[in-house]
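Engineer: Show me the folded form of this:
(one chain, ligands or ions: 1)
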Amino acid sequence: MKILVTGGLGFIGSHTVVELQNKGYEVVIIDNCSNSSADVLDRITKITGIKPLFEQFDLREKNKVQDFFNRHNDVSGVIHFAASKAVGESVENPLLYYENNLSTLVYLLQQLSSKSSAHFIFSSSCTVYGQADELPITENAPVKAAESPYGNTKQIGEEIIRDTCKVTSDLNAISLRYFNPIGAHPSSEIGELPIGVPQNLIPYITQTAIGLREQLSVFGDDYPTSDGTCIRDYIHVVDLAKAHVVALQRLLEHKNVSNYEVFNVGTGTGSTVLEVIQSFEKMSNQKLNYKIVGRREGDITAAYADTTKANNELGWQAKSSLDDSLGSAWKWEQKVRS
Ligand code: WQD
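Structural biologist: Just a heads-up that it's a prediction; the model follows:
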């Protein structure tokens with residue numbers, strides 16, 4: 001079976017391509033390489049021994065999307081990662097995010113809606129919950145007003161899929177709401193490669209530890225948590241990738257309960273920023289240079305997943321601990337800089 005992975009050269013996309021190939025799927029990647037590089041294709045091939053099909057173009061070019069599906073009418077499923085994902089950038093340039101993240105989704109769904117049977121997995125985010133009223137967060141938690149255009153594109157994206165599935169019985173879709181993806185493939189062939197100054201915690205930690213950054217700033221220690229720093233649910237990217245494969249299999253094997261479903265994908269465990277630092281120092285066997293500074297605009301206090309639905313209905317659960325994930329991130333950082 002041939003599976004289209006959009007954004008398949010990116011951080012989560014590349015790890016998902018590896019897990020799809022491990023399960024025997026033929027993979028075709030579409031990526032515009034705006035936030036990834038084509039050498040990831042060789043790295044994926046090195047891991048699995050199978051070179052995915054690859055086409056480089058921008059999904060905002062509607063005619064190219066149509067042409068692709070005309071040439072690949074044997075695509076059985078689509079996993080859609082391609083999107084802009086920097087929260088801060090989305091605040092500065094909202095139209096870039098609404099165009100890139102939503103027009104591309106519409107063009108893909110237009111193609112899938114005309115097929116006799118289509119299966120679609122959407123890369124969503126726990127961002128849709130904002131600061132949830134109850135923890136851990138279940139899929140029934142209310143979706144709150146987005147804190148950023150990025151988060152809004154995930155909310156609107158889910159609504160576009162839901163509304164399309166309502167009138168397209170042959171379209172079967174699942175939105176996966178990721179918590180915080182971290183770490184790297186055990187081979188250290190693929191991992192997170194933020195362009196410029198990392199916005200996310202883990203790449204900033206590993207770049208500080210390897211000497212690329214002077215010092216980590218911890219954004220606030222006056223939150224109502226055990227040590228005053230924010231809590232997040234850090235999930236190993238390979239565990240997250242495997243969740244996509246089981247979600248796709250659920251659709252291909254017609255085990256879905258309705259033709260639009262939503263699943264949280266996290267570990268179910270929350271960790272504070274200081275706990276992450278302590279874990280990293282243990283795994284890397286070195287002290288991290290950090291300082292406490294003021295809060296970052298838009299940060300929520302705490303978010304971690306209730307994973308019951310994914311555990312029970314997907315038969316999936318995260319396997320890697322925070323230590324494992326940070327160890328793989330550190331190994332990757334050392335290899336990339338060697
Ligand atoms: C985690 C914690 C920061 C950097 C974002 C997106 C979310 C998802 C994951 C795509 C927070 C603290 C961070 C630093 C710090 N992306 N921190 N110093 O904000 O939870 O989620 O990435 O789907 O949609 O919003 O992740 O890694 O930026 O921050 O203290 O230099 O680390 O305050 O508490 P976040 P993050």
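
Engineer: And for stretch 158-172, what's in contact with it?
Structural biologist: With contacts defined as Cβ atoms under 8 Å, 6 or more residues apart in numbering, stretch 158-172 is touched by 102, 105-106, 109, 112-113, 115-120, 122, 124, 128, 143, 173, 175, 251, 254, 256, 259-260, 262. The way it works is simple: take the backbone N, C-alpha and C, and place the C-beta from them, glycine included.

Engineer: Check those for burial and list the buried ones.
Structural biologist: Neighbour-count burial (16 or more other Cβ atoms under 10 Å) applied to the contacts of stretch 158-172 gives 102, 105, 109, 112, 118-120, 122, 124, 128, 143, 173, 175, 251, 256, 259-260, 262.

Engineer: In stretch 139-154, which residues are buried?
Structural biologist: 139, 141, 143-144, 146-154.

Engineer: One more: stretch 59-69?
Structural biologist: 59, 65, 68-69.

Engineer: circling back: okay, and which of the contacts of stretch 158-172 map to helices?
Structural biologist: 105-106, 109, 112-113, 251 (DSSP state H).

Engineer: and the lengthiest helix in the chain with helix 104-113, angle?
Structural biologist: Counting by DSSP H, the longest helix found in the chain is helix 149-167. Angle between the axes of helix 149-167 and helix 104-113 is 20 degrees (criterion: axes from the mean of the first three to the mean of the last three Cα atoms, to 10 degrees).

Engineer: Could you export helix 149-167 as PDB, keeping only the C-alpha atoms?
Structural biologist: Below are the C-alpha coordinates for helix 149-167, written out as PDB (Å, rounded to 0.1, in the frame of the first residue of the first chain):
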ATOM      1  CA  PRO A 149      -2.600  32.000  14.900                       C
ATOM      2  CA  TYR A 150      -0.600  28.800  14.800                       C
ATOM      3  CA  GLY A 151      -2.900  27.200  17.400                       C
ATOM      4  CA  ASN A 152      -5.900  28.700  15.600                       C
ATOM      5  CA  THR A 153      -4.800  26.900  12.400                       C
ATOM      6  CA  LYS A 154      -4.900  23.600  14.200                       C
ATOM      7  CA  GLN A 155      -8.400  24.300  15.600                       C
ATOM      8  CA  ILE A 156      -9.700  25.500  12.300                       C
ATOM      9  CA  GLY A 157      -8.000  22.600  10.500                       C
ATOM     10  CA  GLU A 158      -9.800  20.100  12.800                       C
ATOM     11  CA  GLU A 159     -13.100  21.800  12.000                       C
ATOM     12  CA  ILE A 160     -12.500  21.800   8.300                       C
ATOM     13  CA  ILE A 161     -11.800  18.000   8.500                       C
ATOM     14  CA  ARG A 162     -14.800  17.400  10.700                       C
ATOM     15  CA  ASP A 163     -17.200  19.300   8.500                       C
ATOM     16  CA  THR A 164     -15.800  17.600   5.300                       C
ATOM     17  CA  CYS A 165     -16.200  14.100   6.900                       C
ATOM     18  CA  LYS A 166     -19.800  15.000   7.800                       C
ATOM     19  CA  VAL A 167     -20.700  15.200   4.100                       C
END
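
Engineer: Please report how far Asn70 lies from the ligand.
Structural biologist: To the ligand, Asn70 is 32 Å away according to Cβ to the nearest ligand atom, to the nearest Å.

Engineer: Let's have the ones in helices among the contacts of stretch 158-172 in a markdown table, adding pLDDT.
Structural biologist: Converted to a markdown table, the ones in helices among the contacts of stretch 158-172 look like this (pLDDT from 0 to 100):
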| residue | pLDDT |
| --- | --- |
| Leu105 | 98 |
| Val106 | 98 |
| Leu109 | 98 |
| Leu112 | 96 |
| Ser113 | 94 |
| Leu251 | 97 |
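
Engineer: mind giving me CSV with those and columns for distance to Ser338?
Structural biologist: Converted to CSV, the ones in helices among the contacts of stretch 158-172 look like this (distance: Cβ to Cβ, whole Å):
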residue, distance to Ser338
Leu105, 38
Val106, 43
Leu109, 43
Leu112, 42
Ser113, 47
Leu251, 40
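
Engineer: Within reach of the ligand, which of the residues you listed are there?
Structural biologist: Among the ones in helices among the contacts of stretch 158-172, proximity to the ligand is found for none (Cβ under 6 Å from any ligand atom).

Engineer: and the stretch 151-300 of the chain, which of its residues are near the ligand?
Structural biologist: 178, 180, 199-201, 204, 216-219, 230, 232, 273, 296, 299.

Engineer: among those residues, which two are most distant?
Structural biologist: Of all pairs drawn from those, the widest gap by Cβ to Cβ lies between Tyr178 and Ser217 and measures 24.2 Å.

Engineer: and the two? which has more neighbours close in?
Structural biologist: Taking other Cβ atoms under 10 Å, Tyr178 and Ser217 do not tie; Tyr178 has more neighbours (22 against 15).
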